[in-house]
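S.K.: can't give you the sequence, but here's the structure:
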């Protein structure tokens, strides 16, 4: 039998995107704008009970861990760690890395099943990049268009998934 499984490529590509934001302080204002819009989108979808709500909850939970520099191995009772484990339906058995990878992997799976949300996010991200480019330096603009290309790579890896025989 062939079973569709989560590729580690999409998780790696997601974390490459986060690292590129962390390594480029010039992107800080744009990154905040992107995450503010992501959180507002999450609120909206969850209020509607839309399919993408769970995925947004997971991406935002991982971002909360990242932004707060929270290590769930060191602080398992931290509210963000507790929330992340609840979203994954796991107890305290998962390591910090397993929590982060699990959040992204599960969210990616939801997006793979609901391709429409990815297309909407693309349009939102491109509109925000246009806004950033209209108001910031060429260097910042160039970074964001490069980021957009990396985001498309991640999204393609999410949509492709992987196949393995069992």
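M.R.: Cool, the structure landed. Keep in mind that what you see is a predicted model, and the values were worked out from it rather than measured. Residues are numbered from 1 along each chain as shown.
S.K.: please name the nearest non-neighbouring residue to residue 58.
M.R.: Of all residues not flanking residue 58 in the chain, residue 107 sits nearest, at 3.8 Å (C-beta to C-beta, 6 or more residues apart in numbering). Every C-beta, even on glycine, is put in place using the N, C-alpha and C of the backbone.
S.K.: ok so the one you found is a strand residue?
M.R.: No. Under DSSP: H, G, I helix; E, B strand; the rest coil, residue 107 sits outside any strand and is assigned helix.
S.K.: thinking it is in contact with residue 52, fair?
M.R.: No. Counting by C-beta atoms under 8 Å, residue 107 does not reach residue 52; the two are 9.3 Å apart.
S.K.: count the residues that sit near the residue nearest to residue 58.
M.R.: 25 (other C-beta atoms under 10 Å).
S.K.: for it, give me its contacts.
M.R.: For residue 107, the contact set (C-beta atoms under 8 Å, 6 or more residues apart in numbering) comprises 54-56, 58-59, 62.
S.K.: wait, what's in contact with the residue nearest the centre of the chain?
M.R.: The centroid of the chain falls nearest to residue 59 when counting by C-alpha atoms, centre = their mean (4.2 Å). Residues counted as contacts of residue 59 (C-beta under 8 Å, 6+ apart) are 38, 42, 103-104, 107.
S.K.: got TSV for the residues you listed, with pLDDT and secondary structure too?
M.R.: As requested, these are arranged in TSV below (pLDDT from 0 to 100; DSSP: H, G, I helix; E, B strand; the rest coil):
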residue	pLDDT	secondary structure
38	85	helix
42	89	helix
103	90	helix
104	85	helix
107	85	helix
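S.K.: need the three-state assignment for residue 72.
M.R.: Assignment for residue 72 (three-state DSSP): coil.
S.K.: now stretch 31-41, how far from the centre of its chain.
M.R.: Relative to its chain's centre, stretch 31-41 lies at 11 Å (C-alpha atoms, centre = their mean, to the nearest Å).
S.K.: list the contacts of it.
M.R.: Counting by C-beta under 8 Å, 6+ apart, 21, 56, 59-60, 63, 67, 121, 124-125, 128, 131-132 sit against stretch 31-41.
S.K.: how about a cut-off of 6 Å?
M.R.: For stretch 31-41, contacts defined as C-beta atoms under 6 Å, 6 or more residues apart in numbering pick out 21, 128.
S.K.: same deal with stretch 77-84?
M.R.: Contact with stretch 77-84 is made by 61, 64-65, 70, 72, 99, 103, as judged by C-beta under 6 Å, 6+ apart.
S.K.: all strands of this structure, in order?
M.R.: 2-5, 162-165 (DSSP state E).
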